[in-house]
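Visitor: Return a 3D structure for these sequence lines:
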Amino acid sequence: MATAYQDRKLADPAINVGDERYFEAAAEGKLLLKKCDECGEVHHFPRGVCPFCLSSKVDWIEAKGTGTIYSYSVTRRAGPTPYCIAYVKLDEGVTMMTNIVDCDLDSVRIGQKVRLTFKQSANGTAIPMFALA
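Guide: Residues are numbered from 1 along each chain as shown. Next up, the predicted model:
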């Protein structure tokens, strides 16, 4: 039996100092990452210091918005609405935790290509998620 995706109420994200640009870009339909000017590594969740070399010389870059499912789990008992939580490896090489949306949740598989989409939290903040490509 298929498990159809259903929109669910999303909690508002905690927006820390320095996160504003990330969520402003999300409201424009863009996913931002940080890239270190010292070691060249890209990271997500964006932060002010590179987690690889601890340099503070990091700049925003826009992600392509495409990737591959690395791992996932369909949660059916944590609440009234089933959902799919996943790790997606972006084409930029970064792996991020997210949700897979707008599909039959039973059709999700490791290795599937995904594309960026956004869902709104309770207060209207755009949250990056992914749909099957």
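Visitor: State the pLDDT value of the closest residue in space to Thr68 that isn't next to it in sequence.
Guide: Leaving out its chain neighbours, the residue that sits closest to Thr68 by CB to CB, 6 or more residues apart in numbering is Lys89, at 5.2 Å. For the C-beta atoms, the positions are set from N, CA and C on the backbone; glycine is no exception. pLDDT recorded at Lys89 is 98.
Visitor: Lys89 - that's part of a strand, no?
Guide: Yes: the assignment for Lys89 by DSSP: H, G, I helix; E, B strand; the rest coil puts it in a strand.
Visitor: Pretty sure it sits against Thr98.
Guide: No: using CB atoms under 8 Å, Lys89 is not in contact with Thr98; the gap is 10.9 Å.
Visitor: out of the two, which sits in the busier spot?
Guide: Each of Lys89 and Thr98 has its neighbours counted (other CB atoms under 10 Å); Thr98 has more, 23 against 15.
Visitor: Pairing partners for the helix or strand harbouring the more buried one, with directions?
Guide: For Thr98, the host element (DSSP states H and E) is strand 95-101. Sheet pairing here is set by DSSP bridges, and for strand 95-101 it gives strand 83-90 (antiparallel), strand 126-132 (parallel).
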